[in-house]
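Asks: could you work out the structure for the sequence below:
(chains A and B, ligands or ions: 2)
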Amino acid sequence: MIDTQHSSSGTLVAESRKPILQAKNLVKTFGKVVGLDGVSLELYPGEVLAIIGDNGAGKSTLIKCLTGAEIPDSGELHVSGQSVSFKGPQDARTHGIETVYQNLAVSPALDVASNLFLGREERVPGPLGSLFRMLDTKGMRQKAKAELHRLGISTLQDVTVPVENLSGGQRQAVAVARAAAFGSKVVVLDEPTAALGVRESNQVLQLVRDLRDRGLPVILISHNMPHVFDVADRIHVQRLGKCAGTITPQSHSMTDAVAIMTGAATL
Amino acid sequence: MTTLETAGPPAEQKDLAGEFQDRQTPMTRIRNVLHKYPALSPAVVLLVSIVVFGLLNDRFLRVENLSLITQQVAVVGTLAIAQTLIILTAGIDLSVGAVMILSSMVMAQFAANEGAPGILALAAGLLTGLAAGALNGFLVTKFRLPPFIVTLGTLNIFVALTLLYSNGATVRGSAMPGLLTWMGTTFPVGPVRISTGVVTMLLLYLFVAYVLGKTAWGRHLYAVGDDKEAARLAGIPVNRVLMSVYLSAGAIMAVAAWIQIGRSNAASPNGGVDMNLDSITAVVIGGTSLFGGRGSVWGTLLGALIVGVFRNGLSLAGLDVLYQTLAVGILIIIAVSIDQWIRKVKS
Ligand SMILES: Nc1ncnc2c1ncn2[C@@H]1O[C@H](COP(=O)(O)OP(=O)(O)OP(=O)(O)O)[C@@H](O)[C@H]1O
Ligand SMILES: [Mg+2]
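Replies: Numbering: from 1, shown residues only, chains lettered A, B, ... in the order given. Ligands and ions are numbered 1, 2, ... in the order given. Reported below is the predicted structural model:
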């Protein structure tokens, strides 16, 4: 994260046309159902790319293929110009891609701090950690607190409560915080504001802007056109498993976007 | 970020906190405490039952009787550790008793018939446990079969293998090297006689409690049992975790086999099948949820002790075995009802 910040002042302009994440002709079928039918996508440094589309248009399938949660039948994936193929979500994470999935991948019985560090737990220093593999529960709780504070997520005061005791919005905040805290190249958010009230939605949108300002590109899936037009730099319109086109908030209105989404208009 | 905090009306946050506090009735408060400390209700049941049986019969609280209870509990208590690990992953293992008996027959026969030294016989028994765990784990992870069905099948396979391998014959303790019956030796601790098997069981509880509570593996195990898909998306290698759980469980069953040989001073091919259900009973009474992701081994130890105390206390009170079984049945249903009630905490 720090690295991108440094480069953003100097070299960002020169680099900005090289995509950080690039997908070419992704195809994904589920039996007879075609989820993705040859979709390409580019994500450039420091931008918010929104993905919109009707229910079942393939938005979630698209980002699952980008983040290792599904393995595409065919197509190519490049991270920083380097060809990759993810076997699972862990592979994408090691490439710096963090994701908040639509169904919220949190473990209800574990507490907030454990959820933030799930899959990358930290051990106490010294032989207790290396030999006895003891977790640094205290340290992780402190870091979780600090991270939530840094991200401006104020609804989570106690990081030791089980996630199942939280409201829908607070759970969302946990999932978003985890992605924002550990994403080093790309943060992907699938419907992050779907369960949220006005105030919490604004917090998440602000978080998206903060991430972009730190040089971290964001892919945002949303059904909420005002939200999309508020934060997005570019908008990828997904329709019936295909990309119906890519627009910007400047070039098109919300009505145009909905028309393209539903097939009433074409690009 | 500062603009963020002032963006919303500050009153909203206060309302939220107030709402949480106002909804607390005495019942929900009890439920929340039980939710946080799942071992609490079995602890209360154990204490009450010890007091009641002590009042019913003054022989119950004598040290000889108490140490007898611990020895009676050692084998099922050890198997119940393995069962806890599997149930925490939202699985169930109907084959633990059968694996234990098979492993004990391998140990005994290997030593008595092939004349293998004790340590080699133990290693063979351990390998048997690991192989059984690997088979269960393989079928559950690779073929995605429900653990209930897998272990129902392997239960029968292991029972049949045991009878084939042993020809139905019991091996007496005197025919085995001392190491194999070592778990049955007792030593005095104050006025009580404790068996090596009981100490081994307790050490195993300590070890597994540490691993579950203080290591990443333990946390991943809970996460997998809690919500498999969420764990996968969080980057946890779900199948590897499950496989390691079934292998660990197999190793623990082999330890239980060793304790069983010591306890009965023999290895018999019959009688392990009751222990499958007894181990599940201990886990369930101990407050571990059959739905996975919730519970602790300490609860299981309490559950195993409760079953031991009930069986012992009722038989001292002169009641038929029938009533012991009846009491255990009622306990199971109460425990599962409490679990359901506690799970309603999540709104
Ligand atoms: N695991 C799956 N098995 C079978 N079909 C699937 C699976 N996942 C997605 N699909 C199908 O693929 C298509 C695209 O689904 P996807 O979830 O990507 O849509 P979406 O654009 O995210 O919709 P929504 O707006 O409702 O979230 C749908 O027809 C869906 O039924
Ligand atoms: Mg979706």
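
Asks: C-alpha only now, for contacts and for neighbours.
Replies: Noted.

Asks: what residue ranges in the stretch 101-250 of chain A score low on pLDDT?
Replies: Filtered on pLDDT under 70, the stretch 101-250 of chain A yields no residues whatsoever.

Asks: which bits of it sit near chain B?
Replies: Proximity of the stretch 101-250 of chain A to chain B, by CA under 8 Å from any CA of the partner chain, involves residues A:104-110, A:118-119, A:121, A:133-135, A:137, A:151-152, A:154-155, A:164-165, A:199, A:203, A:206.

Asks: in helices, which of the residues you listed appear?
Replies: Using DSSP state H, the members of those that fall in helices are A:137, A:199, A:203, A:206.

Asks: tell me the two of those that are most distant?
Replies: A:Thr137 and A:Arg199 (31.3 Å; CA to CA).

Asks: for the residue of the stretch 1-150 of chain B found nearest ligand 1, helix, strand, or coil?
Replies: Using CA to the nearest ligand atom, the single residue of the stretch 1-150 of chain B nearest to ligand 1 is B:Arg144, 16.0 Å away. Put simply, B:Arg144 is coil when judged by DSSP: H, G, I helix; E, B strand; the rest coil.

Asks: that one: neighbour count?
Replies: Neighbours of B:Arg144 under the rule other CA atoms under 10 Å in any protein chain shown: 12.

Asks: also B:Val44?
Replies: 12.

Asks: what sits up against the helix or strand containing it?
Replies: Assessed by DSSP states H and E, B:Val44 sits inside helix B:40-56. The contact list for helix B:40-56 (CA atoms under 8 Å, 6 or more residues apart in numbering or on different chains) reads B:34, B:60-61, B:285-287, B:299, B:302-303, B:305-306, B:309-310, B:313-314, B:317.

Asks: can you do 10 Å?
Replies: For helix B:40-56, contacts defined as CA atoms under 10 Å, 6 or more residues apart in numbering or on different chains pick out B:33-34, B:59-62, B:284-287, B:298-307, B:309-310, B:312-314, B:316-317, B:331, B:335, B:338.

Asks: how close does the closest residue to chain B within chain A get to ligand 1?
Replies: Closest to chain B within chain A is A:Ala105: 4.1 Å, counting by CA to the nearest CA. Applying CA to the nearest ligand atom, to the nearest Å, the value for A:Ala105 to ligand 1 is 15 Å.

Asks: what's the answer for B:Arg294, then?
Replies: Using CA to the nearest ligand atom, B:Arg294 is found at 27 Å from ligand 1.

Asks: what's the closest non-adjacent residue to that residue?
Replies: B:Thr288 (5.8 Å; CA to CA, 6 or more residues apart in numbering or on different chains).

Asks: what do you get for B:Thr141?
Replies: When the adjacent residues along the chain are set aside, B:Thr141 lies closest to B:Asn239, with 5.7 Å between them (CA to CA, 6+ apart).

Asks: right, and that neighbour touches B:Arg232 too?
Replies: Yes: contact between B:Asn239 and B:Arg232 holds when scored by CA atoms under 10 Å: they sit 9.2 Å apart.

Asks: common neighbours of those two, please.
Replies: Common neighbours of B:Asn239 and B:Arg232, counting by CA under 10 Å, 6+ apart, are B:Val224.

Asks: which residue does chain B have closest to ligand 1?
Replies: B:Glu229 (11.7 Å).

Asks: how about the helices in the stretch 1-150 of chain A?
Replies: Taking DSSP state H, counting those that start in this stretch as the criterion, the stretch 1-150 of chain A carries its helices at A:2-10, A:12-15, A:59-66, A:89-94, A:112-116, A:127-130, A:137-150.

Asks: any chance you could map the helices in the stretch 151-267 of chain A?
Replies: So, for the stretch 151-267 of chain A - with DSSP H, counting those that start in this stretch - the helices run A:168-182, A:198-213, A:225-231, A:254-262.

Asks: buried sites along the last one?
Replies: Using 16 or more other CA atoms under 10 Å in any protein chain shown as the burial criterion, the residues of helix A:254-262 that qualify are A:256-258, A:260-262.

Asks: the residue nearest to B:Thr141: what's it in contact with?
Replies: Contacts of B:Asn239 by CA under 10 Å, 6+ apart are B:137-138, B:140-142, B:144, B:224, B:228, B:232, B:245.

Asks: on the three-state scheme, it is what?
Replies: helix.

Asks: show the pLDDT at B:Pro237.
Replies: Note for B:Pro237: predicted pLDDT of 94.

Asks: burial check on it, number of neighbours?
Replies: Per other CA under 10 Å, the neighbour tally for B:Pro237 reads 17.

Asks: the contacts of helix B:40-56 in helices, which ones?
Replies: Secondary structure from DSSP H places B:33-34, B:284-285, B:298-307, B:309-310, B:312-314, B:316, B:331, B:335, B:338 of the contacts of helix B:40-56 in helices.

Asks: can you select the buried ones from those in PyMOL?
Replies: Here is the PyMOL command that selects the buried residues among those (16+ other CA under 10 Å):
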select buried, chain B and resi 34+284+285+298+299+300+301+302+303+304+305+306+307+309+310+312+313+314+316+331+335+338
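
Asks: where in the stretch 1-150 of chain B is pLDDT low?
Replies: The low-confidence ranges in the stretch 1-150 of chain B, as defined by pLDDT under 70, are B:1-24.

Asks: need the helices for it, in chain order.
Replies: Using DSSP H, counting those that start in this stretch, helices in the stretch 1-150 of chain B cover B:2-7, B:10-22, B:26-36, B:40-56, B:63-88, B:96-112, B:118-142, B:147-166.

Asks: check those helices for me and report the most buried one.
Replies: Of those, the one with the most neighbours on average (mean count of other CA atoms under 10 Å in any protein chain shown) is helix B:96-112, at a mean of 29.

Asks: pull the CA atoms of that one into PDB?
Replies: Extracted C-alpha coordinates of helix B:96-112, given in PDB (Å, rounded to 0.1, in the frame of the first residue of the first chain):
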ATOM      1  CA  VAL B  96     -15.000 -44.400  16.900                       C
ATOM      2  CA  GLY B  97     -15.800 -47.400  19.100                       C
ATOM      3  CA  ALA B  98     -15.300 -49.900  16.200                       C
ATOM      4  CA  VAL B  99     -11.900 -48.300  15.300                       C
ATOM      5  CA  MET B 100     -10.900 -48.400  18.900                       C
ATOM      6  CA  ILE B 101     -11.700 -52.100  19.200                       C
ATOM      7  CA  LEU B 102     -10.000 -52.900  15.800                       C
ATOM      8  CA  SER B 103      -6.900 -51.000  16.900                       C
ATOM      9  CA  SER B 104      -6.800 -52.700  20.300                       C
ATOM     10  CA  MET B 105      -7.000 -56.100  18.600                       C
ATOM     11  CA  VAL B 106      -4.200 -55.300  16.300                       C
ATOM     12  CA  MET B 107      -2.100 -54.200  19.200                       C
ATOM     13  CA  ALA B 108      -2.900 -57.300  21.200                       C
ATOM     14  CA  GLN B 109      -2.600 -59.900  18.400                       C
ATOM     15  CA  PHE B 110       0.600 -58.300  17.100                       C
ATOM     16  CA  ALA B 111       2.200 -58.700  20.500                       C
ATOM     17  CA  ALA B 112       0.600 -62.000  21.600                       C
END
